[in-house]
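Engineer: Could you look at this predicted model? Sequence included:
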Amino acid sequence: MALLEVRDLHVFYGNIEALKGISLDAQPKQVVAILGGNGAGKTTTLRTISGLLRPRSGSITCDGKSIVGVPAHVIVGLGLSQVPEGRRIFNILNVEENLSLGGYLMRSHRQLIKERKAAVYELFPRLAERRGQLAGTLSGGEQQMLAIGRALMSDPKVLMLDEPSLGLAPMLARSVLKTVRRIADRGAAVLLVEQNARQALAIADYAYVIEVGRIALEGEAAALASDERVQKAYLGGFESVGSA
Ligand SMILES: Nc1ncnc2c1ncn2[C@@H]1O[C@H](COP(=O)(O)OP(=O)(O)O)[C@@H](O)[C@H]1O
Ligand SMILES: [Mg+2]
């Protein structure tokens, strides 16, 4: 049994069915990429796993326990943490304070918070250098590191990232994705939503391609990267792999 198991998720916004039967697995130490064009249902998938949206049907289990209907803050406590699209950090707080908020659930364990912060600073030395700086004055790449660092403060078993490389210069995007790989190597299962399919596949173990709410393709990342349908879809801006 996989650490995270998602089976046949159906999610609606009003009458619109955004997810039409999504199933996926993630294991510790794995980067699982979720690819697909705009509006495919990637963010909806992550928000449903995080407990921010409730599926109409389907199951989600972590460590064999169902988390459907469990409040979002409890899901964080169970070891699933999401870095939302657009890095929602607190601009008027400094780096250190933003990390403390990420450790909110263990606020009474000061030693643990200290250790987790040290681990984040080890992963992102740039944040260590800027620990007293207001988050709003960080560069886009540094803000993304901080958003990831904050999610890591709860030491998640499953880390979910929604387009972490969005808006970053190519070199920074590569560096952030490399760090994502290191986070998985340290033991977490990582669900990585990316528009930048090429770079995501380069660091992922397994990947799913979502199209209009369904899994159109899935497989080992290396196999998908050399798949003609996937390659064609890159050049065509990810129009369709399912119908290719
Ligand atoms: N809050 C919302 N209300 C209504 N429809 C939404 C909402 N959020 C997303 N959708 C719709 O659900 C579908 C999937 O969206 P989303 O999961 O954000 O896609 P992606 O992250 O792959 O770009 C799209 O058709 C989108 O328009
Ligand atoms: Mg999205």
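Structural biologist: Cool, got the structure. Ligands and ions are numbered 1, 2, ... in the order given.
Engineer: Okay, and the beta partners of the residue positioned nearest the centre of the chain?
Structural biologist: The residue lying closest to the centre of the chain (CA atoms, centre = their mean) is Leu161, at 1.8 Å. Beta-bridge pairing for Leu161 (DSSP bridges): Val83, Leu192.
Engineer: Enumerate every residue touching it.
Structural biologist: 82-83, 148, 180, 190-193 (CB atoms under 8 Å, 6 or more residues apart in numbering). Quick note: C-beta positions are derived from backbone N, CA and C, even for glycine.
Engineer: a markdown table please, covering those residues and showing distance to Ile89 and neighbour count.
Structural biologist: A markdown table is the format used below for the contacts of Leu161 (distance: CB to CB, whole Å; neighbours: other CB atoms under 10 Å):
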| residue | distance to Ile89 | neighbour count |
| --- | --- | --- |
| Gln82 | 14 | 24 |
| Val83 | 10 | 25 |
| Ile148 | 10 | 24 |
| Val180 | 17 | 25 |
| Val190 | 20 | 24 |
| Leu191 | 20 | 26 |
| Leu192 | 19 | 28 |
| Val193 | 18 | 25 |
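Engineer: what sits up against stretch 125-141?
Structural biologist: 89-96, 98, 120-122, 142-143, 145-146, 149, 167-169, 172, 175-176.
Engineer: Could you export that stretch as CSV, CA atoms only?
Structural biologist: Taking Å, rounded to 0.1, in the frame of the first residue of the first chain, the C-alpha atoms of stretch 125-141 are listed here in CSV:
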residue,chain,number,x,y,z
PRO,A,125,21.3,28.8,3.0
ARG,A,126,20.0,32.0,1.4
LEU,A,127,17.2,32.1,3.9
ALA,A,128,19.7,31.7,6.7
GLU,A,129,21.5,34.8,5.5
ARG,A,130,18.2,36.7,5.4
ARG,A,131,16.5,35.4,8.5
GLY,A,132,15.8,38.9,9.9
GLN,A,133,14.7,40.4,6.6
LEU,A,134,11.0,41.1,5.9
ALA,A,135,9.5,38.5,3.6
GLY,A,136,8.0,41.1,1.4
THR,A,137,11.4,42.4,0.5
LEU,A,138,12.8,39.0,-0.6
SER,A,139,13.2,38.2,-4.3
GLY,A,140,10.6,35.9,-5.9
GLY,A,141,12.9,32.9,-5.7
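Engineer: quick revisit: Gly64 versus the residue nearest to the centre of the chain, what's the distance?
Structural biologist: With the distance defined as CB to CB, to the nearest Å, Leu161 ends up 24 Å from Gly64.
Engineer: Likewise for Pro125?
Structural biologist: Pro125 is 37 Å from Gly64, by CB to CB.
Engineer: what helix or strand does Glu218 sit in?
Structural biologist: Taking DSSP states H and E as the definition, Glu218 sits inside strand 214-220.
Engineer: I'd like the distance from that strand to the chain centre, please.
Structural biologist: 17 Å (CA atoms, centre = their mean, to the nearest Å).
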